[in-house]
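**Q** Here is my input, please return the structure:
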Amino acid sequence: MISVSSAILLFVILPALSLYGYLVMLPSPPLFASVCSPSDPHSLAHQRSSTSPNEPRASQQSNGYASASPYPRVLVVVAHPDDECMFFGPTITALTSSNADKVFLLCLSSGNYDGLGSIRKKELVDSASELGISPSHVTVLEDSRIQDHPHDMWDADIVAEAIRLQVSHHNIDVIVTFDQFGITNHPNHRSAFHGVRKLIRSGAVPDPTSDQAQATTASSVLAFSLDSISLARKYTSVLDLIPTTLLAWLRSQPQISTDEGPNSRYSGQPLVVVAPPWHVQKGFRAMFRHRSQLVWFRYLYLASSRYMLINELHQIK
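**A** Below is the predicted model of the structure:
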């Protein structure tokens, strides 16, 4: 008779590892590539170029409306230094492996709750470099109205305005942030989501190259949130691929991403990003850059969290 440990090995661990190996080997185009493909009627670039049919093409291109590049400009919005590698590592490394020049990171606070803000800002820049984001593409806000605190919700209008400035300045196509539960239910994480959603629903995001005529709209910027899952699944590492894949199948097979990203045609389905081992290693190295935060339970997190390997992204509407 087979033992319980043998059954777990044969029917849970080995299938999960096999599935991981299979997904990692799947060829796929860059993450979010469809949003900047002007030939794809589902893409953001096509929608932008279609919104102003009488606008000169040169003007459209200068604003990114009809960019021929398959790589969108992506802004990852986090609440604190270390969020980027603890939760968004698979997404960021998938993006930077394709085109790091178009990936930007906005941290809404310096994480100064314990008085370590200046240290943590430097650690964030070092961590982002490990993930492939240039230091010049990292912005850390120091706003007295949105400070790191475990019990404070931030004003969504303030957060939305801070994000709007970054979207406008960098001509962003896609925003990635937390969902309404913030992975850990941290109010600062949840505030990031509410700020992004308010921006998306608000209307206009002015283009920085013009005061009037040439303006993008928030509705033409896609925003995605990182899915929060139950505690039972959160710390199962690679084993969570089994329920993740099953749920993906039940949702009519959303795009599944590995090293280079999901299927290029965005259909509104969730995007599942699976980090290959070499990207997971980058996530580990990035976390070790946050030396001020390396308390004992962080090591347990690194060893067991599915967010080091898997991200599931849902569109914010």
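
**Q** What helices and strands are in contact with the host helix or strand of Asp157?
**A** In this assignment (DSSP states H and E), Asp157 forms part of helix 156-170. Helix 156-170 is packed against strand 74-78, strand 103-107, helix 187-202, strand 204-206, with contacts defined by 3 or more Cβ pairs under 8 Å, 6 or more residues apart in numbering; DSSP states H and E. (Each C-beta comes from the backbone N, C-alpha and C, glycine too.)

**Q** Least confident of those, on average?
**A** Lowest mean pLDDT of these: strand 204-206, a mean of 52.

**Q** Flag every buried residue along the helix holding Asp157.
**A** Using 16 or more other Cβ atoms under 10 Å as the test for burial, helix 156-170 gives Ala156, Ile158, Val159, Ala160, Ala162, Ile163, Arg164, Leu165, Gln166, Val167, Ser168, His170.

**Q** repeat for stretch 308-317
**A** In stretch 308-317, counting by 16+ other Cβ under 10 Å, buried: Met308, Leu309, Ile310, Asn311, Glu312, Leu313, His314, Ile316.

**Q** next one: stretch 297-305
**A** Arg298, Leu302, Ser305.

**Q** In helices, which of the residues you listed fall?
**A** The helices, defined by DSSP state H, take in Arg298, Leu302 from the buried residues of stretch 297-305.

**Q** and which of the buried residues of stretch 297-305 is nearest to Leu17?
**A** Ser305 (17.0 Å; Cβ to Cβ).

**Q** In the stretch 101-250 of the chain, where is pLDDT below threshold?
**A** 204-219 (pLDDT under 70).

**Q** circling back: CA atoms only: put the helix holding Asp157 into CSV for me.
**A** Written as CSV, here are the backbone C-alpha positions of helix 156-170 (Å, rounded to 0.1, in the frame of the first residue of the first chain):
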residue,chain,number,x,y,z
ALA,A,156,-7.3,57.8,-4.0
ASP,A,157,-7.3,61.3,-5.6
ILE,A,158,-3.8,61.9,-4.4
VAL,A,159,-2.6,58.5,-5.5
ALA,A,160,-4.3,58.9,-8.9
GLU,A,161,-2.7,62.3,-9.5
ALA,A,162,0.8,60.9,-8.7
ILE,A,163,0.3,58.1,-11.1
ARG,A,164,-1.1,60.4,-13.8
LEU,A,165,2.0,62.5,-13.7
GLN,A,166,4.1,59.4,-14.4
VAL,A,167,1.8,58.1,-17.1
SER,A,168,2.0,61.4,-18.8
HIS,A,169,5.7,61.9,-18.4
HIS,A,170,6.7,58.5,-19.7
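
**Q** Could I get the contacting residues of the nearest residue in space to Leu222 that is not next to it in sequence?
**A** Sequence neighbours aside, Val174 is the residue nearest to Leu222 in space, at 4.9 Å (criterion: Cβ to Cβ, 6 or more residues apart in numbering). Val174 sits next to Phe32, Val35, Leu44, Pro72, Arg73, Val74, Leu75, Val221, Leu222, Ala223, Phe224 when contact means Cβ atoms under 8 Å, 6 or more residues apart in numbering.
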